[in-house]
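>>> Starting from these lines, generate the structure:
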Amino acid sequence: PAYFNTDPIWAIKSNGSGINLIGGRNGRLMKREGGVNTPTNTNLSNSMRDCGKLNINAIRNNGSYWLIGGVDASINKYDGEVYVDLKAGLTTAGWGASEDIMAIGWNGSYWLIGGTNGSLYVYDGVSFTSKTSQLGFGTDTVYVIEWGGTSGNEQWIIGGSSRKLKRSADGNTYTTVDISSYFGATDAVLAASWAGTPYDSWFIGGDNGSIIKYDGSTISDLKPDLYSAIGGYYKVNAIKWDSGVNSIIRVGCNGAKLADYSIFNFTDMSGNLIGFGTNDIKAIDYNAASGKWFIGGTGGKINSDTGGTFADESGNLVNFGGMDINAIRYNGDYWMIGGNYAKINRYGLAYKQSGWAVSTAIDHYGYKYECATLTAVNVLNGQKIEYYISSNNGGTWIQVTPGIGVCFSGVDQGEDIRWKAYLYTY
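Residues are numbered from 1 along each chain as shown. Prediction:
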């Protein structure tokens, strides 16, 4: 079968009744039954759980759900509770099944998804549409997709291999940004972040320590300054603005080199990292509300930085096994951390598990209840409980606030009082 063409078979087992299971690399699993020369093959790979081994390269959230993308057109939609596989829709739209997703961006209205072989697609939440020809990257890989700019002048920045850099306001027309004076011919654009006041510029970095500041018209070369701060030309893999909290743009590089750009100067922060060794920094994100950074990289290394206090969080990762961290994103409630071999962790509040508690009838009144007040005593640690009352034995329910009375009328009025509570745990 085609789905085994590029992966070896590692195990075969029969149940003695004509059904064989064939398994292999990258979570491949096939059911084979029927005659020796005319078998029926069924691909069960997508039915597996926690068996995928494809690298996660990009993670992004739009306020409602996440898109998580990686090797071989792998893409999932995750709403905080359920993962949905979108790969079939993407490949049906024309994305090559062997093309990797390397970058995902959101602009408030639609997604852009980019990857190897110059692939670029729009996702509107329902379907995928190719913008590969419009982008015009040829066979060069898309590594960066970011949206930003001053109010009313927002635009996409798309970067890739062979110093490809383009901008677009509408996702349809792409204009080349010439960076040939700052990036070598074979240097890839690997990271970008918009930074507002006082910069109002893009910070864009990549291979061989290349980094520029681009305000939409003028380019300033920051490569010599970064070199002076960290002592070498290290590949720039991650750039993140702190949303103006301290006017810092944080830059992560190969060899555990970390620098902060503030008020037009770089400061070497590499010595603040704990337990990172010489591993490459691959991903950085920031929670402005709590002032917390996460810095992740190869070898499963990850540090937090809260107000200048760094901590090694690598040992807190669950089932990561030292795999490289390729993506870190914060959505306002919690973090998602993804890496090689389909490793993904979720960190922070708002890990939503929920459930109902429903009483039997606790009182009966033959003349029907007119009003009732629910009281509750609870101790919460970031959790939430919603309370409901029914006076018709659960026929209809009214949401209530403990200590505040509610009155019944019409179909809501009845003779048997019940309560129920919906608990959200975080």
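
>>> Now do the same for the residue nearest the centre of the chain: helix, strand or coil?
Nearest to the mean C-alpha position of the chain, by Cα atoms, centre = their mean, lies Ile59 at 2.5 Å. When classified by DSSP: H, G, I helix; E, B strand; the rest coil, Ile59 comes out as strand.

>>> quick one, what contacts it?
Ile59 is in contact with Trp66, Leu67, Ile68, Gly69, Ile104, Ala327, Ile328, Arg329, Met336, Gly338, counting by Cβ atoms under 8 Å, 6 or more residues apart in numbering. Using the backbone N, CA and C atoms, a C-beta is placed for each residue, glycine as well.

>>> can we see that at 10 Å?
66-70, 76, 78, 104, 283, 285, 326-329, 331, 335-338, 344 (Cβ atoms under 10 Å, 6 or more residues apart in numbering).

>>> Check Asp416 too.
360-365, 368-369, 390-395 are the contacts of Asp416 under Cβ under 10 Å, 6+ apart.

>>> Switch those over to a markdown table; also include secondary structure and neighbour count.
Shown next, in a markdown table, are these (DSSP: H, G, I helix; E, B strand; the rest coil; neighbours: other Cβ atoms under 10 Å):
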| residue | secondary structure | neighbour count |
| --- | --- | --- |
| Thr360 | coil | 9 |
| Ala361 | coil | 13 |
| Ile362 | coil | 9 |
| Asp363 | strand | 11 |
| His364 | strand | 11 |
| Tyr365 | coil | 13 |
| Lys368 | coil | 12 |
| Tyr369 | coil | 20 |
| Ser390 | strand | 23 |
| Ser391 | coil | 26 |
| Asn392 | strand | 18 |
| Asn393 | coil | 14 |
| Gly394 | coil | 17 |
| Gly395 | coil | 12 |
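
>>> Farthest pair within those?
Thr360 and Lys368 (18.8 Å; Cβ to Cβ).

>>> remind me which residues of the stretch 1-150 of the chain are low pLDDT?
Where the stretch 1-150 of the chain drops to pLDDT under 70, the residues are 1-7, 25-27, 45-52.

>>> mind listing which of the contacts of Ile59 are in strands?
Assignment to strands by DSSP state E places the following of the contacts of Ile59 there: 66-70, 76, 78, 104, 283, 285, 326-329, 335-338, 344.

>>> PyMOL command to pick out the buried ones of those residues?
The buried residues among the ones in strands among the contacts of Ile59 can be selected in PyMOL (16 or more other Cβ atoms under 10 Å) with this line:
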select buried, resi 66+67+68+69+70+76+78+104+283+285+326+327+328+329+335+336+337+338+344
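
>>> Gly414: which of the contacts of Asp416 is nearest?
Asn392 (2.8 Å).

>>> where exactly do the helices run in the stretch 201-350 of the chain?
223-230 (DSSP state H, counting those that start in this stretch).

>>> low-confidence ranges in it?
Using pLDDT under 70, the flagged stretches of the stretch 201-350 of the chain are 349-350.

>>> one more time with 90, if that's ok
263-264, 289-290, 318-321, 332-334, 346-350 (pLDDT under 90).

>>> where exactly do the strands run in it?
201-206, 211-214, 219-221, 236-241, 248-253, 257-262, 265-268, 281-287, 292-297, 302-306, 309-312, 325-330, 335-339, 344-347 (DSSP state E, counting those that start in this stretch).
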